[in-house]
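Trainee: Can you look at this prediction? I've put the sequence above it.
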Amino acid sequence: MAAKRVIDEPAYVLHSYDWSESSLILEVFTRHRGRVALAANGAKKPTSNFRPVLLPLQPLRLTYTLGAEGNAEIHSLKGAEWVGGHVMPTGEALLSGLYLNELLLRLMARDDPYAALFDVYGGVVRVLAGTQGEALEPVLRAFELVLLRELGLLPSLGEETMTLSALEARSRYMLVPEGGLRQAAAGERAALTGAQWQALEQALGSANTPTASVYTATLRAAAPVALALKSQLRTLLQYHCGSPLLRTRQLMMDLQNL
């Protein structure tokens, strides 16, 4: 029986690692099938058509066959085409894109589709290609919020998590891994006001709101509080990723200490 083939699947390479002297295993984020592992035979050879195409943060269309009628953990890559549309991000933007890739690798199970999240990710990657410096912060914070909400890992930002009490507009609150949203203690400088958390919750929208629109609204709401959100979201994401520390985050910290 011929193996089932997936044709021209929109995808991004999240990570690759050596499989043999000439081949790679790819972890890719596909639009219709979620995170998928593919064997790229001969991809490391100088003459391989795969070699210049299988790059991270670049929009691709992949063709592959499903091993064991789709039940295998690793499938076989048969074709890859660069879709084009933007250049590779550089500098801080490149590192930020690799950070997003690592989040997706650590948080998404294989073969669990997130088409709307895929579209948001593609839009963010296009933005990263032309963004540097402090302008990156709201872009990353908005994606982190949308990612957490899409994966069911973000509590409601319109109420205290433990008491289900409505937030007071002028009171200050913190988002913590095991307690959700709670009133801030004295000295917790990263806390946001209830009004700011409510604005983020409203931007994240309902289940019926298109995710692309949600991201745009969340980006606007996150921009004024991006720096205050940074430590809270990074702590929450690391909690759900488990140990060890995200490699891209450690690299960022090392570069800041140079």
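Mentor: Received the coordinates, thanks. Residues are numbered from 1 along each chain as shown.

Trainee: For the nearest residue to T30 once chain neighbours are set aside, name its beta-bridge partners.
Mentor: Closest residue to T30 in three dimensions, ignoring its sequence neighbours and counting by Cβ to Cβ, 6 or more residues apart in numbering: A11, at 4.4 Å. Just so you know, the C-beta spots here come from the backbone N, C-alpha and C atoms, and that holds for glycine as well. Counting by DSSP bridges, A11 is bridged to T30, L60.

Trainee: Measure how buried A11 is and give me the count.
Mentor: Using other Cβ atoms under 10 Å, the number of residues around A11 comes to 25.

Trainee: Do I have it right that it meets E27?
Mentor: No. Contact between A11 and E27 fails when scored by Cβ atoms under 8 Å: they sit 10.5 Å apart.

Trainee: which neighbours do the two share?
Mentor: Listed contacts common to A11 and E27 are V36; contacts here mean Cβ atoms under 8 Å, 6 or more residues apart in numbering.

Trainee: Distance check, the residue nearest to T30 against R149.
Mentor: Distance check for A11 against R149: by Cβ to Cβ, to the nearest Å, it reads 23 Å.

Trainee: which residues in the stretch 1-150 of the chain form helices?
Mentor: In the stretch 1-150 of the chain, the segments counted as helices under DSSP state H, counting those that start in this stretch are 91-107, 115-128, 136-150.

Trainee: Measure how far the longest one is from the centre of its chain, please.
Mentor: Translated: helix 91-107. Relative to the mean C-alpha coordinate of its chain, helix 91-107 is positioned 7 Å out (Cα atoms, centre = their mean, to the nearest Å).

Trainee: now for that helix, which elements pack on it?
Mentor: On a contact count with 3 or more Cβ pairs under 8 Å, 6 or more residues apart in numbering; DSSP states H and E, helix 91-107 meets strand 5-18, helix 115-128, helix 136-150, helix 226-241, helix 247-256.

Trainee: For the first one, C-alpha coordinates in CSV please.
Mentor: Extracted C-alpha coordinates of strand 5-18, given in CSV (Å, rounded to 0.1, in the frame of the first residue of the first chain):
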residue,chain,number,x,y,z
ARG,A,5,1.4,11.9,1.3
VAL,A,6,0.9,15.4,2.7
ILE,A,7,1.4,17.9,-0.2
ASP,A,8,2.3,21.6,-0.1
GLU,A,9,1.7,22.0,3.6
PRO,A,10,2.5,25.5,4.9
ALA,A,11,5.2,25.2,7.5
TYR,A,12,8.2,26.7,9.4
VAL,A,13,11.3,25.0,10.7
LEU,A,14,11.5,25.3,14.4
HIS,A,15,14.7,23.3,15.0
SER,A,16,16.9,20.7,13.3
TYR,A,17,19.5,18.3,14.5
ASP,A,18,21.8,15.7,13.0
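
Trainee: What residues of that strand count as buried?
Mentor: If you call a residue buried by 16 or more other Cβ atoms under 10 Å, then strand 5-18 has these buried ones: 6, 9-16.

Trainee: Rebuild these as CSV, extending it with distance to V87 and pLDDT.
Mentor: Written out in CSV, the entries for those read as follows (distance: Cβ to Cβ, whole Å; pLDDT from 0 to 100):
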residue, distance to V87, pLDDT
V6, 28, 94
E9, 23, 97
P10, 19, 97
A11, 19, 97
Y12, 15, 97
V13, 16, 97
L14, 19, 97
H15, 21, 96
S16, 20, 95
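
Trainee: Perfect, I'm done here.
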